[in-house]
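Asks: What follows is a predicted protein model with its sequence.
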There are 2 protein chains.
Amino acid sequence: MKVTIKDVAKAVGVSPSTVSRALRNNSRISQEVRDRVHQVAQELDFHPNQMARSLVDRKTSIIGIVFPGDAGQSLGVPFHSAVLQGLGCAASERHYHLLLATGSEAVTSADAGRNLAESGYVSGLVLLAAEDAPARLPHIPMVIIGRPLHNETPYFVDNDNVKVGREATDYLMQRGHRRILFLGYDQKFVVTTDRYQGYEQALTAAGIALRPDWIVSSQFNLNSPDNDRLRQIFAAPDCPTAVVCMDDNLAIGLTGLLGEIGLNAPQDVSIISFNNIEAGRHHSPALTSFDVNPHQLGVAAMNLMLDVISGATEDPTFIEVPFTLKERDSVLDISGKDE
Amino acid sequence: MKVTIKDVAKAVGVSPSTVSRALRNNSRISQEVRDRVHQVAQELDFHPNQMARSLVDRKTSIIGIVFPGDAGQSLGVPFHSAVLQGLGCAASERHYHLLLATGSEAVTSADAGRNLAESGYVSGLVLLAAEDAPARLPHIPMVIIGRPLHNETPYFVDNDNVKVGREATDYLMQRGHRRILFLGYDQKFVVTTDRYQGYEQALTAAGIALRPDWIVSSQFNLNSPDNDRLRQIFAAPDCPTAVVCMDDNLAIGLTGLLGEIGLNAPQDVSIISFNNIEAGRHHSPALTSFDVNPHQLGVAAMNLMLDVISGATEDPTFIEVPFTLKERDSVLDISGKDE
DNA sequence: TTGTAAGCGTTATCAC
DNA sequence: GTGATAACGCTTACAA
């Protein structure tokens, strides 16, 4: 049987309400009683039951976290776990907890999110933008990481993905590349469609015609039928000299695939990619990659959430998290050479 | 204002307790009333407040998850996130939620765990074995993933790490290697010390003397001062021909380091490692690696936890999760060659 | 089969 | 300052 506030009260010889007040340092309490209460509480190893507390003041210190797709596979993506870390750090600093929306394959993130919200366990929801994200939920604040799609939530945190897509493409063009493939386009993830826009803008600005067949939509790994398309594309005579790749893992897979057909990065094909994962640093060639600061995305999102909950933030808010380019060895400057 | 059980009761024209019973399909209720209740509940979008429920029956449907070190960095390890996925899948199937023990650097996993337990939010704790894991907590079941160290918890789930360490070493010896280095020893993680024991057993059984200077204790990345030691070791004339490496990321880092000093894997140094991460598959050479089934570890741990909670399991239980070797290209058979 | 009442552990309101 | 009392939303004897 756990020790309750009543036990403490009895031990001290006061009423439960007095104990409660003493513990919250709230109202006016005699120094003496306060001290005795604290002491006894410690001796008895008393810890207030958060459930009961939450019940009375209709809010919990738990924030629900929803990842796209089935929460299962989603966590495998390094980007996601970095975000989660950020969320956790920020939450813990303000004494909040994280409740993960779990899910087997059958459960969409919308369902999982709604589920959490309805349970009453959480007093806020942070979600990673995705096609299957829930629309605005009743009675519970939510902040989105990424750009909301069909979602009217006024609070979100994101990189400027259009811009980073443009910069990636420009970076390649400045080094003489004009035949540039876009790898990793996926309707379901706004990040990729945003970056694609940047890519398109950059190319158009440079007067380079888009080649729809060079937009390839591989998932975040390379086990898809798109592989065959890639092989064909790179086997062709006027194949791309560079690719903008949505994820380092994808890029690593790509170098493998290129190797199979006798091409090397960066000598034959330059690669610029995203997420700056550890393995990419050690990979050969070391990947030139944008760090989009997932940890910071998480931190910012959680702080925004808690500000909304506490009432510190009321107006619609968008927080932009900066990205940085890690220049390494996967991009070759071919501006001297013949095109 | 959220809709409560009273609202439903009023709408149907019965008492709250009747609604409660109808919803839990518990006691004997007239079919008619039950149907009306269900219908109205749906119309009103009623969802029972879990907090209130938990308060009454003194248990929640939340399991606390504690990772070693500060939960922040810990999640970055692919092994850990795979475990978390497994935990999540199993939990969701039985309608449980996961509460993450968050933590900044200041918080040990013991503190974080105790914290969760005391909050009353969770009715069980799953933890990854680690030096700083909390000892047995009062009044709340816990299951450990990994071998408990200074911990009397009767429930745990693990691979046979001694065995896998032995098999890794044997695998190398069967291919002619006799000078084998052990990379990634870390007192804090029982996995590594267990595997080291296996390594020791294998070597001893083969009559090979242990070389203490060939036990190197790199963290799960290669940014440590141990690098210098490694460089020295491999620069020496009778350097190792193979290494047992505790993690694929480490192995990837190692190949980089070897490259710096003009050595290649597997021609000069064979590598067998653990965790079978995606990047390792695409790495060059593709890593021969043990898949220790982290997902399954998570699933098993969660199922055990829920069985304990439900009373289905009472006796001390140890579940061993099998591992499998993924043979790829990072080990060379040198048994023909001169030693 | 259904309603009434008590209680889960805490906090807030109101007296004293 | 401190102590009753009610209330948070729900479940569960016990009555009816």
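Replies: Yep, that arrived. This one's a predicted model, so the numbers in the text were calculated from it and none came from an experiment.

Asks: from what I can see residue A:186 touches residue A:217, true?
Replies: Yes - contact criterion C-beta atoms under 8 Å: residue A:186 and residue A:217 qualify, at 5.6 Å. Just so you know, the C-beta spots here come from the backbone N, C-alpha and C atoms, and that holds for glycine as well.

Asks: Could you check the pLDDT of residue A:78?
Replies: Listed pLDDT for residue A:78 reads 83.

Asks: One more: residue A:279?
Replies: 80.

Asks: for chain A, what spans make up the strands?
Replies: A:62-66, A:97-100, A:125-128, A:142-145, A:155-158, A:180-183, A:215-216, A:242-245, A:270-274, A:288-291, A:317-320, A:324-326 (DSSP state E).

Asks: Select, out of those strands, the one closest to DNA strand D.
Replies: strand A:62-66 (16.1 Å; C-beta to the nearest atom of the strand).

Asks: is chain B contacted by the closest one?
Replies: Yes - if you take C-beta under 8 Å from any C-beta of the partner chain as the test, strand A:62-66 does meet chain B, through residue A:62.

Asks: Stretch A:271-279 too?
Replies: Yes - Stretch A:271-279 reaches chain B (C-beta under 8 Å from any C-beta) through A:277, A:278, A:279.

Asks: for chain A, where's the lowest mean pLDDT among helices and strands?
Replies: In chain A, no helix or strand scores lower on mean pLDDT, DSSP states H and E than helix A:71-74, which sits at a mean of 66.

Asks: Just want the residue of the stretch 201-339 of chain A that's nearest DNA strand C.
Replies: Counting by C-beta to the nearest atom of the strand, the stretch 201-339 of chain A gets nearest DNA strand C through residue A:310, at 14.6 Å.

Asks: show me what contacts that residue?
Replies: Residue A:310 makes no contacts at all, as judged by C-beta atoms under 8 Å, 6 or more residues apart in numbering or on different chains.

Asks: what pLDDT does it get?
Replies: On the pLDDT scale, residue A:310 is placed at 91.

Asks: Ok, the one 10 residues further on next?
Replies: Looking at residue A:320, its pLDDT reads 97.

Asks: Name the residues linked to it by a beta bridge.
Replies: residue A:158 (DSSP bridges).

Asks: Would you map out the domains in chain A?
Replies: A:1-30, A:62-159+A:296-323, A:161-291 (automatic domain parsing).

Asks: In the first one, which residues are buried?
Replies: By neighbour count with 16 or more other C-beta atoms under 10 Å in any protein chain shown, domain A:1-30 contains the buried residues A:4-5, A:7-9, A:11-12, A:14, A:18-23, A:29.

Asks: how far out from the middle of the chain is it?
Replies: How far domain A:1-30 lies from its chain's middle: 42 Å, per C-alpha atoms, centre = their mean, to the nearest Å.

Asks: can you tell if it touches DNA strand C?
Replies: Yes - for domain A:1-30, a contact with DNA strand C is found by C-beta under 7 Å from any atom of the strand, at A:2, A:4, A:5, A:6, A:16, A:17, A:20, A:23, A:24, A:26.

Asks: hang on, the second one packs against residue A:45?
Replies: No - contact criterion C-beta under 8 Å: residue A:4 and residue A:45 do not qualify, at 11.9 Å.

Asks: Which pLDDT does the model give the residue nearest in space to the middle of chain A?
Replies: Chain A has residue A:83 as the residue nearest its centroid, 4.1 Å off, counting by C-alpha atoms, centre = their mean. We have a pLDDT of 93 for residue A:83.

Asks: Perfect, that will be all.
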